[in-house]
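>>> Everything below, folded, please.
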Amino acid sequence: MFQIGRSSEEQIDFTVVDTWLAANAFHPGIHGESGSQNGLLNGSRVEKDSRCNIQRPISSTISRYACRIQINRDYPHRAFLYAAGFDSSRNIFLGEKATKWTKCDGEIDGLTTNGILILHPNTMQRQNFDQSMEDHIGMFVWREVSVDGDIYNIRETRSSTKRGELLANESNELQDGTLIDLCGATLLWRTAEGLMKSPCRSELESRLNEINAGKPQCPVNLNTLIIPRKKSAKAYGSSRQPYVYLNCGHVQGKHAWGKNDKSNSEILYKCPICLVDSSKIIQLVMGMESAFHLDSNALDYAFNPCGHVASLSTVRYWSRIPLPHGTSSFHPVCPFCTSLLSLDKPYVRLIFQDHCSDS
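Sure, this is the predicted structure:
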């Protein structure tokens, strides 16, 4: 059994502090600090006091004893998620405001103050397999897990004292790709078998090299573009940095052709290839974290607005996951940088002007 929570006491195996979603592509995602004690995850939120220039931390929304994962010792090592954890007295620890009740069999069950949410995207994707492969099929749905491992519909608000409806046919067993939200940090569960089937870094680099080997051209500057492996200030000003026009998907370099400043401060960018106006152009960069990729297919799409490049399956998958944002809202994000995705157009198809020298 492994316990996860905000507490740094020795019975907690993985200490987690709040990681707050950012609204820009330069915000780092969740990273495990190598060598940090108890697997600490960093990124605590800080706000400025309006009366003075002093920063003070906002109180954490993660429970001290958030959840526990129980794993069978024998193959296939099935893993199960339970809300709350055991304290130093070997008692389940729940806050004073936590919801508790007695079940029909006489056992006591409960929920943590802000709830432990669980989402099985792969299961929901299989259930929707018979649906059309067109976009906007719908968002995946989060559930809440109890101390006893039962699954419920999520509450109206994270800290509501009224629990959701019991879903007897749903399981707390963790699967490859299962997401666990602690109300302040979200964990991605990957299995060894799942990672073996996932693309490795060398496969992703090979796909990226295929694009760059095609020597995509900018039709205005007439130079070769190169998709970088990470964003940097140096790449931003480079003539080789590719950008995509949001409405049409044509990839070009940075130039001033077709830029139209309107009187109402709105800026439009006219694509020199198809002459379609776009409200913005997006800087492209490769998403190199292999655990977030579903396959190693062609890198023909990019998340909007951050510009991280991935395959169609990957961008479609993550754009259907409404990640909890704070304690009251849900919003799909880019897995590589946690940028909030556009709800109207979460990703854009990339059209390169490449292989121009091929006979």
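>>> Tell me how many other residues surround the nearest residue to W257 once chain neighbours are set aside.
Excluding its sequence neighbours, the residue lying closest to W257 (Cβ to Cβ, 6 or more residues apart in numbering) is V220, at 4.9 Å. Where you see a C-beta, it was placed from the backbone N, CA and C, and this is true even at glycine. Applying other Cβ atoms under 10 Å, we find 15 residues neighbouring V220.
>>> go on, F86?
Quick note: F86 (other Cβ under 10 Å) scores 15 neighbours.
>>> Also the one 10 residues further on?
One way to gauge burial is a neighbour count; for E96, by other Cβ under 10 Å, it gives 5.
>>> One more: the one 4 residues further on?
A total of 14 residues lie near K100 under the criterion other Cβ under 10 Å.
>>> Looks like it contacts G110 (just checking).
Yes: using Cβ atoms under 8 Å, K100 is in contact with G110, at 3.9 Å.
>>> Looks to me like V315 is in a helix.
Yes: checked against DSSP: H, G, I helix; E, B strand; the rest coil, V315 lies within a helix.
>>> and the closest residue to it other than its chain neighbours, what does it touch?
Distances taken as Cβ to Cβ, 6+ apart place Y347 nearest to V315, at 4.0 Å, with adjacent residues excluded. Shown in contact with Y347 (Cβ atoms under 8 Å, 6 or more residues apart in numbering): Y301, A302, F303, N304, V315, R316, S319, L341.
>>> So the first one is in contact with I351, correct?
No: with contacts counted by Cβ under 8 Å, Y301 stays clear of I351, the gap being 10.8 Å.
>>> Low-confidence ranges, this protein, go.
Across the chain, residues meeting the criterion (pLDDT under 70) sit at 19-58, 126-137, 233-237, 262-265, 355-359.
>>> Show me which parts of stretch 238-247 are buried, residue by residue.
When burial is assessed from 16 or more other Cβ atoms under 10 Å, stretch 238-247 yields the following buried residues: R240, Q241, P242, Y243, V244, Y245, L246, N247.
>>> That one: how far from the chain's middle?
Distance, stretch centre to chain centre, for stretch 238-247: 24 Å (Cα atoms, centre = their mean, to the nearest Å).
>>> Check what contacts that stretch and list those residues.
Against stretch 238-247 from outside (Cβ under 8 Å, 6+ apart): 216, 218, 221, 223-228, 235, 250-254, 269, 271, 276-284, 302, 304, 307, 345, 348, 350.
>>> now these: which count as buried?
With neighbours counted by 16+ other Cβ under 10 Å, the contacts of stretch 238-247 contain buried members at 216, 218, 224-228, 235, 250-254, 269, 271, 278, 281-284, 302, 304, 307, 348, 350.
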